[in-house]
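>>> Need coordinates for the following:
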Amino acid sequence: MAKVLLLNGSPRAHGCTATALEEMIKTFEEEGIETELIQIGNKNIRGCIACNKCDELGKCVFDDLVNEVAQKLDEADGLVVGSPVYYSSPNGTVLSFMDRLFYSTGNANNHVPKHMKVGAAVVSCRRGGNTASFDVLNKYFSISGMPIATSTYWNQVHGFSAEDVKKDLEGLQTMRNLARSMAFMIRAFADAKEKYGLPALEHESFTSFPDGK
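You can find the predicted model right below:
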């Protein structure tokens, strides 16, 4: 059975972001997609220090939830990252988590294939900053060969509380349509992989200017 990981980047396990993700989970279940919701927003996740030890160890040098999720991501078919908006950006914990997760799983010794896994970002806000935060989260997928699932509006909900979000009927509708799009893409890619194989990737070129010219 196909599986989607959902990361709740809010410090509140039952707040606005969780309400949006729970709406997706209900739809995934209807579509026959297994889900796992992981709470990260209230965890102590430090940022990447660019030590490159993950290339040597095969995992991040800070052995915490990032390494646990890396193993789960290896077996998943899709990833949803949800975050509240803080100063027109995702929660800092989410950014630290995503930096380390995506960097440590992309090195030679711990290459978790993310290519053609379906990604989706979900943001919650009271009023503004949603599209800027949405843009930041989508860049993790676009640099990793992960097709980005879309919906009938930007993947966002509005409200100051979970009860507010439940009144955002268009926002919840967007979450349901997003989950259906992800389910369709996951099934379509699985069929195409079996029939055609995955697209070839080139890694030989690496633009760098160490001579300073």
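
>>> okay, residue 47: pLDDT?
On pLDDT, residue 47 comes in at 96.

>>> in stretch 105-123, what counts as buried?
Buried residues in stretch 105-123, counted by 16 or more other CB atoms under 10 Å: 105-107, 110, 112, 114, 116-123. In short, each C-beta sits where N, CA and C put it, glycine included.

>>> Give me the distance between it and the centre of its chain.
9 Å (CA atoms, centre = their mean, to the nearest Å).

>>> Extract the C-alpha trace of it and format it as CSV.
Extracted C-alpha coordinates of stretch 105-123, given in CSV (Å, rounded to 0.1, in the frame of the first residue of the first chain):
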residue,chain,number,x,y,z
THR,A,105,19.6,12.2,2.8
GLY,A,106,21.1,13.5,-0.4
ASN,A,107,24.8,12.6,0.3
ALA,A,108,26.6,9.7,-1.3
ASN,A,109,26.6,7.4,1.8
ASN,A,110,23.0,7.9,2.8
HIS,A,111,21.1,8.6,-0.4
VAL,A,112,17.4,8.3,0.3
PRO,A,113,15.9,8.5,-3.1
LYS,A,114,13.5,11.4,-3.2
HIS,A,115,13.3,11.6,-6.9
MET,A,116,9.6,11.2,-8.1
LYS,A,117,8.3,11.0,-4.6
VAL,A,118,5.3,13.4,-4.4
GLY,A,119,5.7,16.5,-2.2
ALA,A,120,3.2,19.0,-0.9
ALA,A,121,3.4,22.1,1.4
VAL,A,122,0.6,23.2,3.6
VAL,A,123,0.6,26.5,5.5
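
>>> residue nearest the centroid of this protein?
The chain has residue 81 as the residue nearest its centroid, 3.5 Å off, counting by CA atoms, centre = their mean.

>>> if we can go back for a sec, quick one: which of the buried residues of stretch 105-123 sit in strands?
118-123 (DSSP state E).

>>> Between the two ends of stretch 84-97, how far is it?
End-to-end distance for stretch 84-97, by CA to CA, to the nearest Å: 14 Å.

>>> For the helix or strand bottoming out on mean pLDDT in the chain, buried residues please.
Lowest mean confidence among the helices and strands of the chain (mean pLDDT, DSSP states H and E): helix 53-57, at a mean of 91. Of all the residues in helix 53-57, those buried under the rule 16+ other CB under 10 Å are residue 54.

>>> Just give me how far it sits from the chain centre.
Distance, stretch centre to chain centre, for helix 53-57: 23 Å (CA atoms, centre = their mean).

>>> helices or strands next to the helix or strand just after it in the packing?
Next along the chain after helix 53-57, taking DSSP states H and E as the criterion, comes helix 65-75. Applying 3 or more CB pairs under 8 Å, 6 or more residues apart in numbering; DSSP states H and E, one finds that helix 65-75 contacts strand 3-8, strand 34-39, helix 92-104.

>>> Note down every partner strand of the first one and its orientation.
Based on DSSP bridges, the pairing partners of strand 3-8 within the sheet are strand 34-39 (parallel), strand 78-86 (parallel).

>>> Could you dump those strands into CSV and include distance to residue 199 and mean pLDDT?
Converted to CSV, the strands paired with strand 3-8 look like this (distance: least, CB to CB, whole Å; pLDDT from 0 to 100):
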stretch, distance to residue 199, mean pLDDT
strand 34-39, 26, 98
strand 78-86, 18, 98
